[in-house]
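**Q** Give me a model of this one.
(one chain, ligands or ions: 2)
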Amino acid sequence: MTASLQLYGVKAPGFALSSKRLEFGSKGISNSVTLAASSAVFRTVEHSCRNVALRVSCEAVRVDLLERQDTEICNSSGTGKDLTCVMKFGGSSVASAERMKEVANLILSFPDERPVIVLSAMGKTTNKLLKAGEKAVTCGVTNVESIEELSFIKELHLRTAHELGVETTVVEKHLEGLHQLLKGISMMKELTLRTRDYLVSFGECMSTRLFSAYLNKIGHKSRQYDAFEIGFITTDDFTNADILEATYPAVSKTLVGDWSKENAVPVVTGFLGKGWRSCAVTTLGRGGSDLTATTIGKALGLREIQVWKDVDGVLTCDPNIYSGAQSVPYLTFDEAAELAYFGAQVLHPLSMRPARDGDIPVRVKNSYNPTAPGTVITRSRDMSKAVLTSIVLKRNVTMLDIASTRMLGQYGFLAKVFTTFEDLGISVDVVATSEVSISLTLDPAKLWGRELIQRTNELDNLLEELEKIAVVKLLQRRSIISLIGNVKKSSQILEKVFQVLRSNGVNVQMISQGASKVNISLIVNDEEAEQCVRALHSAFFETAS
Ligand SMILES: Nc1ncnc2c1ncn2[C@@H]1O[C@H](COP(=O)(O)OP(=O)(O)O)[C@@H](O)[C@H]1O
Ligand SMILES: N[C@@H](CC(=O)OP(=O)(O)O)C(=O)O
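**A** Ligands and ions are numbered 1, 2, ... in the order given. All right, here's what the predicted structure looks like:
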C-alpha cells in the first residue's frame, strides 16, 4: 500500500523545513525521510509502508495521513481539457430553487468554460444560523424545536430540494445534524467561536449539495466538495481564519486529480476551511466565499476568477447609500483591495491577495443581469483619465487623539505610542501625526472579531497605557470616507473634496493619504457621513468637471 503524507507547514518566523527529519515506524518497517526543501513550507512525501506511525521533530508541522492511493496527478485525461475558470455565486445569487436554476443555466450558457463552482449559503442562511445559535444559548433544550430560524432553514432547504426535483436526502443528514448541534448549544448554554463556525458551515454544505445534485439531475456531471475536506488549511482563528500556503497544492491536487478522471464539475463550499492545529471547521470571515474563489483560482492557475453578485460589478459607492451609484469598468488589485478593506461589502478584504499573487483577472458580474459588463480587476490599468474611482464609507469607527504631555521636540513619542498598540495587539486603520500628537482610528475588523466584553476591556487597557505618556481623547461614532482614486491627481481630488465639504458645512476631523497611494481617507461624524458621500458622488461622478 502507498500512503501519501501531507505536511502542512505554517509560515511562522524562522520556520523552514530544510532540515526536518520525518521518522516512520511501523510493524517491521522503520525508515526516515529528510526533507530537502529549502524555503518551501509544504511537502508531500510518498512512502511505502503499512500502518504508518509517524513522529515529526518539528513543532510547526502538521501531518495528515491521506487515504488516497492515487497520488499521481495527470492534468488532462477524460476530455483532455483542463478547468478554465472559477465562478463564485454569492448568497443573493442562489437564494431559491428558481435562482439556482437560473445560475445553472448561466453556467451552461458558457459552453467553452470548464468552471470550478464556488457557492455561498442560500440567501441570508448564515445570518439565520447565527441567530438560531444565539437563541439556542438561552431557550432551553426542549424549546430548540421551535426556534423560528431553524424551522425557516429546514423549510427553505427541503422546499428547494423539492422544487429542484432532487432527493431531500441530499440535505436531510445536515438538517438533522444542525438540529442536534442547536440542542448541544442549548445544553451547554454557550456558543463559542469554534462552535459558531461549525454552526454556519451547515449553510454552505447544504447549498452546494443541492446545486450539485441539480446539475447531475439535468445531465451535467458534477461533484460536491466540502472545502475543509480538500485541503483548505487555515489558522485556528475561528470566525476570521487565514488561509495557509499548504492549501494551494492540496486543493489543486484534489480538484485537478478528480477532474482529470471524472470530468465532473466541482461545486465547492465557499467561506470554510479547516484549522491546522484544531482540525475543526473554520470560516474566513463574513463574505469569505470570494476568498475561497480567488484561492482556487491561484491554486489551479486558472485563466479567470468570476464573482457573481446582485449588482452590476463594483460601483462608485454603496448603492444602499446612493441608488445612483454607477458601475466601475476597471480596477487594479490594489484599488479593489483598498476598497474592500475600507468597507465596501462587495468584496472580501483579503480576496484580492491570491488573485494578485497569481496575476489572475477577477471579473465581478451580476447574476441577475449577466449581459452587463461588470468590473474587471487586473494588476494594472490605464490611469491617464482616472481621477476618482469609488467612494467607500466605514461607519461607527473609534478615533483617538493622543497628545504628548512632554514638551515639543520630545523624541521617542511616536515609538512609545505604537509600542503600546503592538503590546496590546491592536491594529490601526488611519493615522495622522505631528511631532507631539497623533490622531488615529482603530481597526474595527480587529475589534469586531471579539466578544463585546473583551472589546471594552481592550479599549480601557489601551487608554490606561497611553495615559501614562499622553493626554488621550476618545472619539466614538466617527466614519471613515475613503476616496479610492488616482493619487497622481490628489490635489485635484482634494480641491473638489474641500469645496463640497465646505458648501455642506462639514468639518473634517482628520485626513490621511494611504501608504498604498490609491486612497485618501477623511474622518467625519457618523451623522454627517452619508450626506457627505452623496454630495461627493454628485460632484465627482455626476457633474462635468
Ligand atoms: N461599492 C460597492 N459596489 C457594489 N456593491 C456594493 C458596494 N458597496 C456595498 N455594496 C453592496 O454589496 C452587495 C454585494 O455584496 P454581497 O452581499 O457580499 O454579495 P454576494 O452575497 O452576492 O456575494 C451589493 O448588493 C451592495 O448592496
Ligand atoms: N455565507 C457567508 C459567506 C459568503 O461569502 O457569503 P456571500 O457570498 O453571500 O457574501 C456569509 O454570509 O458571510
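**Q** Run through the residues that contact the residue in the stretch 151-300 of the chain positioned nearest to ligand 2.
**A** Nearest residue of the stretch 151-300 of the chain to ligand 2 (CB to the nearest ligand atom) works out as Ser289 at 3.2 Å. (Glycine included, C-beta is placed from N, CA and C.) Ser289 makes contact with 88, 90, 118-120, 204, 270-271, 348 under the criterion CB atoms under 8 Å, 6 or more residues apart in numbering.
**Q** same deal with Asp429?
**A** Listed by CB under 8 Å, 6+ apart, the contact set of Asp429 reads 342, 394, 397, 440-444, 480, 521.
**Q** shaky segments in the protein?
**A** Low-confidence segments of the chain, defined by pLDDT under 70: 1-80, 406-410, 443-456, 514-516, 544-545.
**Q** how about the residues of it near ligand 2?
**A** Proximity of the chain to ligand 2, by CB under 6 Å from any ligand atom, involves residues 90-91, 120-121, 126, 203, 270-271, 286-289.
**Q** Can you list the neighbours in contact with stretch 401-418?
**A** So stretch 401-418 is contacted by 433, 435-440, 466, 469-473, 475 (CB under 8 Å, 6+ apart).
**Q** What are the buried residues along the lengthiest helix in the chain?
**A** Taking DSSP state H as the criterion, the chain has its longest helix at helix 193-217. Buried residues in helix 193-217, defined by neighbour count with 16 or more other CB atoms under 10 Å: 193-216.
**Q** Can you name the element that comes right after it?
**A** Sequence order places strand 222-225 as the next helix or strand after helix 193-217, per DSSP states H and E.
**Q** What's the first helix or strand after that following strand?
**A** Downstream of strand 222-225, the first helix or strand assigned by DSSP H and E is strand 233-234.
**Q** Please enumerate residues in contact with that following strand?
**A** 8, 62, 241-244, 246-247, 250, 273-276, 282, 284.
**Q** and what of stretch 309-327?
**A** Residues from elsewhere that reach stretch 309-327, judged by CB under 8 Å, 6+ apart: 90, 92-93, 328-329, 331, 336, 339, 344-347, 364-369, 372-375, 377, 389-393, 530, 533-534, 537, 540-542.
**Q** Could you give the separation of that stretch from the chain centroid?
**A** Centroid separation between stretch 309-327 and its chain, computed with CA atoms, centre = their mean, to the nearest Å, is 20 Å.
**Q** ends of stretch 497-512, how far apart?
**A** 13 Å (CA to CA, to the nearest Å).
**Q** check which helix or strand covers Ser390.
**A** strand 388-404.
**Q** Could you give me the buried positions within the following helix or strand past that strand?
**A** Remark: after strand 388-404, the chain's next helix or strand is helix 413-424, criterion DSSP H and E. Residues 413-414, 417, 420-421 are the ones in helix 413-424 that count as buried (16+ other CB under 10 Å).
**Q** Buried residues, the next helix or strand after helix 413-424. List them.
**A** Following helix 413-424 in sequence order, the next helix or strand is strand 428-433 (DSSP H and E). By 16+ other CB under 10 Å, the buried positions in strand 428-433 come out as 428-432.
**Q** still on that earlier bit, mind checking how far the strand holding Ser390 is from the chain centre?
**A** Distance, centroid of strand 388-404 to centroid of chain: 22 Å (CA atoms, centre = their mean).
**Q** thinking again about what came up before, list buried residues within the contacts of stretch 401-418.
**A** The buried subset of the contacts of stretch 401-418 - by 16+ other CB under 10 Å - is 436-440, 466, 469-470, 472, 475.
**Q** Thr160 reaches Met100, doesn't it?
**A** Yes - with contact defined as CB atoms under 8 Å, Thr160 counts as touching Met100 (7.0 Å).
**Q** residues near Met345, how many?
**A** Quick fix: residue 345 reads Gln, not Met. 13 (other CB atoms under 10 Å).
**Q** and it, that's in a helix?
**A** No - according to DSSP: H, G, I helix; E, B strand; the rest coil, Gln345 belongs to no helix; its state is coil.
**Q** and it, backbone torsions?
**A** Note on Gln345: its backbone torsions stand at phi -60, psi -20 [degrees, to the nearest 10].
**Q** thought it was touching Gly287?
**A** Yes - between Gln345 and Gly287 there is a contact under CB under 8 Å: 6.9 Å.
**Q** Name the nearest residue to the residue in the stretch 351-500 of the chain that ligand 1 sits nearest to, sequence neighbours excluded.
**A** Residue nearest to ligand 1 within the stretch 351-500 of the chain (CB to the nearest ligand atom): Ser390, separated by 5.6 Å. On the basis of CB to CB, 6 or more residues apart in numbering, the spatially nearest residue to Ser390 that is not a chain neighbour turns out to be Ile484, at 4.8 Å.
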